[in-house]
Each structure stands twice: as C-alpha cells, then as structure tokens.
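Student: Below is the sequence, then the predicted model.
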Amino acid sequence: MTFKFTRMVAVAALLTPVLPGLAQAEEVLRLNNWLPPGHTQMTGIIEPWMAAVEKATEGRVKIVKTDASLGAPPRQYDLAVDGIADVTVGVLGYTPGRFKMAGIAELPFVGESASGLSKGLWTVHEEFFKDADEYKGVQLLGLYANASGHVMTTEAAGAIDSIDDYQGKKFRVGGGIVQQVNPALGGVNVAVPANEVYEILSQGVADGTLLPLEAYPSFNLKGVISNTLTIPGGFYSSAWFVVMNKAKFDSLSPEDQEAIMSVSGAALAELAGTSQDEEEVKAKEQMAADGVVFNEADEAFQAAVRERLAGLEADWIEQAGSLGVDGEAALVRMREIVSGVEN
C-alpha cells in the first residue's frame, strides 16, 4: 500500500503543470541592498537590470535583493570579492584612491548628463582602462555616472551667486572628487551618509549639499532646500560600479555569462543614464513646484571655478599615466562621446 501511494504521488507530481510564477531559477544570486527604500538608483536602474538578467537567461539566473544590508556603503566592492554577496552596486569614490580611472567621469566640465557621462565612462573603460586591471576579484558588470552635481542651499544660508558667497559655507559631500572640489572653492566639507542629509540641513549643521537634482526626492529634501545653483558644462559627478563575485560568475554556464553581459556593460550604462536623466527632469519640476529658486553661475563665477579646479584634471592625467594609460587621449575621447550625446 505504501509503495502504491508513493508511486501515485510521484506520478501526480510529474503530471502537475508548473505555474510560470512559481518556476525555479537554476541560480539565485544575492544582491546586497544598502540603498534607502524607493531610491531611484535601485528602482530606476538596478531593479530593471535585474529583470533584464532574468529575461536574458530565460529564467535560469535570478537576482534577488537582500532584506537588509550586509555591509556599509564603502564595503560594497569587498562584499563581492569575499563572496559575502554575489552582486553589489556602489560608489567608487567611497574608497578614495582605490579606483583611479573611473574618476574621468567625475571631473569638472566633462559633461552634465548622466547619459553622456555613463556612455563615455563605459566606452573609455573598454578602450583605454581595461589593461589597468583595477577591478580584481570580481566580474565587472557595469560602470555608470550620475548627472552633474549642483550647489543646493538652505533658506538660512541664502543663494550662492558668486565665489565670494561660497567662502566658508558648509556643504554635505559624498565620496569621490567632490571632497576635493568643495574645499578648493572655499567650502567646508561635512561628511555624513546621504540618508542623513535632511537631518543636518534641518538642524543647521550644514548650509547646503552638493548633489544631482534626483537626490532631492530620493532623500526627501523638500522644506530644507531653497536655492540651487547650476554650473554649466558640469560641476562634478560620481561614478558607480556593478560587480559580481568572480568565482560565482565563473560557475555560470558560458551561455548565461554571455546573456548577463549582453544586458550589462554598455546596455547598463545606457539604462542608468536614461533613467537618471529622466529623474533629473522630474526632480527639477518638483523642486520648482516646491518653490526652490534656480540660478546659473555667471561667467565670472564659472571662470573662478575653472581656475580653482584646473589642477584636478592634471592630477587625474598623472594618475592615469602611472597605470600606463594615456590620460590626455582618454579625456579627449570622453569629451567627444559626451558631446555627441548632449549636443
């Protein structure tokens, strides 16, 4: 009787159709999620890319987010290297001096749009930077950049209309080149996590923040930002990475590796750029509706910014040379690509 019952159960299992929503992926990868709920980096870029991976692999590979972060933002790259997470996304500038070449996208006056900067960054990486071999212990899946940062200030701090207005102002800054940009212009760095921006602005700890416009809704800055200054040509940016643990990537079939890369790299850069630029437009509309006043730096202000930040480009070219990269040629190519997108 037991044998007959067991056999009936087995046959029933074979004959029972598998519902599409319940299909099991052959490989489930964990992506560490450290971003706050609803952040546009996750909803507009990473989640659509995760869906694209699943579709490209015909459901054989599925990426799922962790319920809680497995490590602080600066640890994201090493979480992937050590296999604590299979896939991670992070800001390259959170570990200063470790990843030098992606800094090309962060430089002032290289570009304004996320689309241009992201396309340019991935292209020059492929054409100029790959041999520098900076991304050890992982499979590099993507590089992209934010749209240009802006100077946002509180009502108490007032608008920044000149380089003199900038002097002594305290700005919250993130990782990367912005930590050099702000003091070079006469500002004081306030280094706190992005999710604490509202708190320090509302309490008067900082006079403003340097961020792309999409950060305004992402970090709920309504009520604390009153003025925004734009630097034509691009003030600075931040470069992001998406990586997978190398052993995990190597364990996948060649077919799935190829499928994943088909929606990563240049495709991911395009997705990231387009999504962020769309969010920039939405954010500007929201800010205007909230009464935020927008100004553009005049020629005198722009000249002062160029003069004070000129050394950053020279420093990057020197760093590139130390890795065997022709930095001047890479910058020419980068600007060519960005210009082709933005003009």
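Tutor: Perfect, thanks for sending it. Residues are numbered from 1 along each chain as shown.

Student: Val60 - nearest residue in space that isn't next to it in sequence?
Tutor: One thing to correct before we go on: residue 60 is Arg, not Val. Leaving out its chain neighbours, the residue that sits closest to Arg60 by C-beta to C-beta, 6 or more residues apart in numbering is Glu26, at 4.6 Å. The C-beta positions use only the backbone N, C-alpha and C, and glycine is treated the same way.

Student: Quick check: the one you found vs Val87, distance?
Tutor: Look at Glu26 and Val87: by C-beta to C-beta, to the nearest Å, they are 16 Å apart.

Student: the more surrounded of the two?
Tutor: When Glu26 and Val87 are compared on other C-beta atoms under 10 Å, the one with more neighbours turns out to be Val87, at 28 against 12.

Student: For Pro183, see how far away the more buried one is.
Tutor: Counting by C-beta to C-beta, the gap from Val87 to Pro183 is 35 Å.

Student: Spatially central residue for the chain, please.
Tutor: Most central residue of the chain, judged by C-alpha distance to the mean C-alpha position with C-alpha atoms, centre = their mean, is Trp240 at 3.6 Å.

Student: Could you give the average pLDDT over whichever strand or helix holds Leu229?
Tutor: Using DSSP states H and E, the element containing Leu229 is strand 227-230. Mean pLDDT, strand 227-230: 98.

Student: With just CA atoms, put that strand into CSV.
Tutor: Output of strand 227-230 as CSV, limited to C-alpha atoms (Å, rounded to 0.1, in the frame of the first residue of the first chain):
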residue,chain,number,x,y,z
ASN,A,227,18.2,77.5,-3.7
THR,A,228,20.0,75.6,-6.4
LEU,A,229,23.0,76.8,-8.4
THR,A,230,23.9,75.1,-11.7
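
Student: wait, isn't the residue nearest to Arg60 in contact with Glu54?
Tutor: No. Using C-beta atoms under 8 Å, Glu26 and Glu54 do not qualify as a contacting pair, with a distance of 11.3 Å.

Student: tell me which element Phe294 falls in.
Tutor: strand 293-296.

Student: so what does that strand touch, helix or strand wise?
Tutor: Identification of packing neighbours for strand 293-296 by 3 or more C-beta pairs under 8 Å, 6 or more residues apart in numbering; DSSP states H and E yields strand 227-230, helix 266-289.

Student: Kindly list the main-chain dihedrals of the residue nearest to Arg60?
Tutor: Here the main-chain torsion angles of Glu26 (degrees, to the nearest 10) amount to phi -70, psi -30.

Student: ok, so what distance separates it from Lys246?
Tutor: From Glu26 over to Lys246 the distance is 19 Å, taken as C-beta to C-beta.
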